Each structure stands twice: as structure tokens, then as C-alpha cells.
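Colleague: pasting the structure only:
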């Protein structure tokens, strides 16, 4: 076992603040845990190793974590927390799960660099109304995050839908060369001010008319500046294999690392097709950098879309502007009450959001088990009745899938939410328990940790997450809730991520 630690004489020279002892240490690498200790000073880890590594006199204060686990803070690889980190910076839905970093700007949706005079079009309205879009440049968004100092770190992608809406008078067509050049200028500005890459939502109307050439040209500029590319593909239903091929080809042409968002095979006709998709993606990963994120549920959530309304699966309403009294109810029951079909009920509820039970549990488990899989909640914090993934994703992966179902060892689960996403999104100094790395830490009870949020009561805190530290500051405890805000924009141009 290779242990990363500063030698004792070096420890004595360090400013000592806190030492954890007798912890079951998961270092984020997917190696088995060990009983050991960790010292932090300020915002950095100064030593980590087996018991006896750190002399007894070290540490202004100490904690005995006997019976508890210590891991890197969890990195939520797929969020729509762009606005909530500013509006509700305590970030209780995430910090209470042990999440210390959120990757925002997914599915082509980002707050910058676009503003609106009227209502944002779907799916941009998932982040709020026109007032939420106050950032005509990425620098303006980065400044807002810095001024607010949310409880979690923020790693930000720039959405293609946002770029198209900022540069085009009609997003229902392909972009012209001049419009692509304008998007590329925004890419330069974003990467210079701390963005980590680019996302598309080719499934959604503002992005759907973009062809592979447009996407590759914009993505290539992000690649030149060290960015990554995350995509909600054109189709996760019947054309899922064709969409995967387009996605892989686009990333190859752009020479950019690829993340396929929330990989799934949706709709009953496609259940079981992960037996095709996963080997196909894993084979491609031998020749180009490819990963995907996944959430541990068999339902997804987005706007209430007429093309997704079907008798084949359950649909629950997560918000509705004209009929808020129907929030949390099933579309089928609403239609029966109104004596109409599902499509008419959906039209009457619109604008609205929905939870779609489109997936097969066996597929979810196969996707999570892949060596390419990272964990991302994909939660929608502005929904009145959100999908439970917003509050429960990370304890659910550890407690249900690793501990109870033995789908994979707990250390593998933790790697999927720490070391792997830190590597994929190039978050230097994050995701591992190593000397010199940032002290993003989670203390949890490996026997007790589990999600409590359900589809019926989705805003329930998980249990078993004891303490969370962000950049060395205690930011959450199970007893007190949110206790501090030490988050910052990370990645991209943030020099503080350099070790």
C-alpha cells in the first residue's frame, strides 16, 4: 500500500490545526480502505497514512474517528446548481450528502453568457426566470460565485444552448460561420476566467438544430484551452446507438475528452440495451478519453415535454405554473380527474416539470458498475417537488448499492464520486486524500449512511454523513446542519488548484 505522507520532521514545521485518528480511510483511489490518520493545516492536507504516521503531539485539536470513515469530499459530476449556489449558498441538499464540489453548466444549460428580457425558453427555465440570467459573460458569473462563497466548490461548464441564444436570432437552424466565431470568442473568455469546458443538450430545442460540425468547431476551441466536453445526447431512446456514434465522432474531431451525460437506455422498448451501449463505449474508450455520469434511480426528470408523454411509464409532476395544486401527483391521475387524455392534461399543466419513470433498474446497475462511470445527481433544485436524487444520490450509492446490494465495493463507489471525476474534469488537488491536496473531506458512518429522500417526500436529508469540510473549513455536521461557507470557483484558470 503506497501511503502519501509528509515525514514527521516536516509535520512539526507545519502549522497544525486538526488531526483525525483511527479513521477507516478511503483515499479516493479505489484501493481498499485502511485504518489511519490525517492531518490538515489551513485548507490543505499535510499528512495521511496508517496509524502512527502522525506524532501524538501534532495537532492543535484532534478527533477520534473510531468506527467512522474518512473520504475525499464527493464531487457531483452532473448538476444544475448554477443558480442555487448563489440564491441558497448554504447548499444543504448537497453538503448534507458529503458533496464538496458541484459541476454546473450541464446539458447545454448555463447561466452565462446569456440574458433574457422575457421568460427563458425550455430547458433554460430549469435554472429560473429572466432575473436569474444576469451574467452576460463568464467572468461576471465567476465574480458572483466568488462574492457569494457558497458552501461547496463550483466547477463550471459553458452550455451550448446558452451560447446559441446569446449569438443567434433563430436557434431553430444551424449556426453561420460568423455565429460560430462569436461562440468561439465566448469560449475563449470563459476558459480565461475559470470555466472547465463545454456542454451540449442536443436533445433540447435551443440546441437540437446544431449539427456535428458546429458542435465540433466550438468544442475544439474549448479543447485548445484544456477543456472537457459533456453532452446530453440527441437521443437516449430508440436512436441511442446512433447518438453514441455521433457523440464519439464529434469528440474525436474536436480532440476533446468526452463525458456522456446521465447514460441510459430510455423507454421500455430499449430496456436491456445497455448490454450493447456499454461495450460500444468502453471499446471506444481504448482510443479516446471517454467517461459518463449516472444517477442511482430508474427515473429521470426535466421539463414536461409533450413528446415524452406516454402511457408506457409513470409520469409525476414536479412543478406547474398554471396548476401548482397538481404538484407531486401523477399525470395519469390528473388526466382521469380532468376527464381528458394525457396529452391534453400535459398541455393544461404547461409550463411544468416532470419525473419520468423511463428506465430499467438492471440497466441502471450495469451503467453504474462500468469502470467509466462517475456519479452525478442531475438534481433540479428549483423544482417545487424535485426528484429525490437532489437530496439522496451519494448516500444511496454507498448505502444501498455498495453496502446493501454489494454491486461494487465501497471503495469503488467512492472513487466514482471522488478520484475519478477529479481526474476527468481536471480538478487538480481534489478527489484524493494526499498530502498537499485541498482538505475537502467527508466523515461518514459506513454502517448507517443511506438516503431518505423518496419520490413522495423528496426533500429529506440523508443520514450517516457526520461532518463535511470544504477547503479545510467545517461546513456541515449531522447535528448542526450547514455550519460554514468556504467554497469557490475551481478548475480552469483558478491558480489555487495547482499543487
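Modeller: Sure thing, it's come through. Predicted model only: the values in this text are computed from it and were never measured.
Colleague: can we go C-alpha only for contacts and neighbour counts from here?
Modeller: Noted.
Colleague: low-scoring stretches of the chain, by residue?
Modeller: 1-16, 58-60, 493-499 (pLDDT under 70).
Colleague: how does it look with 80?
Modeller: Residue ranges of the chain with pLDDT under 80: 1-16, 57-60, 492-499.
Colleague: center of this protein, which residue is that?
Modeller: When C-alpha atoms, centre = their mean is applied to the chain, the residue found nearest the centroid is residue 78 (2.3 Å).
Colleague: would you list every one of the helices in the stretch 101-250 of the chain?
Modeller: In chain order, the stretch 101-250 of the chain shows helices spanning 138-148, 160-167, 177-192, 205-208, 212-224, 240-254, with DSSP state H, counting those that start in this stretch as the criterion.
Colleague: do you know which of these lies nearest residue 434?
Modeller: With C-alpha to C-alpha as the measure, helix 138-148 is the member of the helices of the stretch 101-250 of the chain nearest residue 434 (25.9 Å).
Colleague: against which helices or strands is that closest one packed?
Modeller: helix 84-87, helix 177-192 (3 or more C-alpha pairs under 8 Å, 6 or more residues apart in numbering; DSSP states H and E).
Colleague: can you tell which of those is closest to residue 311?
Modeller: When these are compared by C-alpha to C-alpha, helix 84-87 sits nearest residue 311, at 33.5 Å.
Colleague: could you point out which element follows the closest one?
Modeller: Proceeding C-terminally, helix 84-87 gives way to helix 92-95 as the next helix or strand, assigned by DSSP states H and E.
Colleague: hmm, back to that, would TSV of the helices and strands packed on helix 138-148 with distance to residue 423 be doable?
Modeller: As requested, these are arranged in TSV below (distance: least, C-alpha to C-alpha, whole Å):
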stretch	distance to residue 423
helix 84-87	23
helix 177-192	18
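Colleague: format these as TSV; extra columns: mean neighbour count.
Modeller: As requested, the helices and strands packed on helix 138-148 are arranged in TSV below (neighbours: other C-alpha atoms under 10 Å):
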stretch	mean neighbour count
helix 84-87	18
helix 177-192	19
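Colleague: so which of the helices of the stretch 101-250 of the chain is the most packed in?
Modeller: Among the helices of the stretch 101-250 of the chain, ranked by average contacts under mean count of other C-alpha atoms under 10 Å, first place goes to helix 160-167 (a mean of 24).
Colleague: returning to that earlier point: residue 392 is nearest to which of the helices of the stretch 101-250 of the chain?
Modeller: Comparing these against residue 392 with C-alpha to C-alpha, the closest turns out to be helix 138-148 (24.5 Å).
Colleague: and the angle for the closest one with helix 177-192?
Modeller: Compare the direction of helix 138-148 with that of helix 177-192 by axes from the mean of the first three to the mean of the last three C-alpha atoms, to 10 degrees and you get 30 degrees.
Colleague: ok now helix 138-148, how far from the chain's centre?
Modeller: In terms of C-alpha atoms, centre = their mean, to the nearest Å, the gap separating the centre of helix 138-148 from the centre of its chain is 19 Å.
Colleague: with stretch 127-134 instead?
Modeller: Using C-alpha atoms, centre = their mean, the offset of stretch 127-134 from its chain centre is 20 Å.
Colleague: ok, and what's touching it?
Modeller: With C-alpha atoms under 8 Å, 6 or more residues apart in numbering as the test, stretch 127-134 has contacts from 80-83, 111-112, 114-120, 382.
Colleague: how about 10 Å then?
Modeller: 80-84, 86-87, 109-121, 124-125, 140-141, 144, 380-383 (C-alpha atoms under 10 Å, 6 or more residues apart in numbering).
Colleague: in stretch 416-435, what's buried?
Modeller: Burial within stretch 416-435, assessed by neighbour count using 16 or more other C-alpha atoms under 10 Å, is assigned to 416-422, 424-435.
Colleague: so how far is that stretch off the chain centroid?
Modeller: Remark: stretch 416-435 is offset 13 Å from the chain centroid, using C-alpha atoms, centre = their mean.
Colleague: quote the end-to-end distance of that stretch.
Modeller: The distance separating the two terminal residues of stretch 416-435, taken as C-alpha to C-alpha, to the nearest Å, comes to 21 Å.
Colleague: also stretch 118-133?
Modeller: Counting by C-alpha to C-alpha: the opening and closing residues of stretch 118-133 are 11 Å apart.
Colleague: buried sites along it?
Modeller: For stretch 118-133, burial by neighbour count (16+ other C-alpha under 10 Å) applies to 120, 122, 123, 124, 125, 126, 127, 128, 130, 132, 133.
Colleague: now render those as JSON lines, adding distance to residue 307.
Modeller: Formatted as JSON lines, these follow (distance: C-alpha to C-alpha, whole Å):
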{"residue": "120", "distance to residue 307": "20"}
{"residue": "122", "distance to residue 307": "14"}
{"residue": "123", "distance to residue 307": "14"}
{"residue": "124", "distance to residue 307": "18"}
{"residue": "125", "distance to residue 307": "18"}
{"residue": "126", "distance to residue 307": "18"}
{"residue": "127", "distance to residue 307": "21"}
{"residue": "128", "distance to residue 307": "23"}
{"residue": "130", "distance to residue 307": "25"}
{"residue": "132", "distance to residue 307": "27"}
{"residue": "133", "distance to residue 307": "27"}
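Colleague: export the helices of the stretch 101-250 of the chain to TSV and tack on distance to residue 398?
Modeller: Shown next, in TSV, are the helices of the stretch 101-250 of the chain (distance: least, C-alpha to C-alpha, whole Å):
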stretch	distance to residue 398
helix 138-148	30
helix 160-167	33
helix 177-192	34
helix 205-208	35
helix 212-224	33
helix 240-254	29
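Colleague: for residue 457, find the nearest of those helices.
Modeller: helix 138-148 (29.6 Å).
Colleague: which residues are contacting the closest one?
Modeller: The contact list for helix 138-148, computed with C-alpha under 10 Å, 6+ apart, reads 82-83, 85-89, 110-114, 133-135, 149, 153-154, 156-158, 186-195, 485-490.
Colleague: from these, which would you call buried?
Modeller: 82-83, 85-86, 89, 110-114, 133-135, 149, 153-154, 156-158, 186-195, 485-490.
Colleague: coming back round to it: the helices and strands packed on helix 138-148: which one's closest to residue 363?
Modeller: helix 84-87 (30.7 Å).
Colleague: gap between that closest one and the chain center?
Modeller: 15 Å.
Colleague: then stretch 410-427?
Modeller: Shown here is stretch 410-427, whose average C-alpha point lies 12 Å from the average C-alpha point of the whole chain (C-alpha atoms, centre = their mean).
Colleague: same question, stretch 20-28
Modeller: Centroid displacement of stretch 20-28 relative to its chain, using C-alpha atoms, centre = their mean, is 24 Å.
Colleague: equivalent analysis for stretch 287-295, please.
Modeller: Worked out by C-alpha atoms, centre = their mean, stretch 287-295 lies 13 Å from the chain centre.
Colleague: just stretch 102-113 next, same as before
Modeller: If you compare the mean C-alpha spot of stretch 102-113 with that of the full chain, they lie 11 Å apart, counting by C-alpha atoms, centre = their mean.
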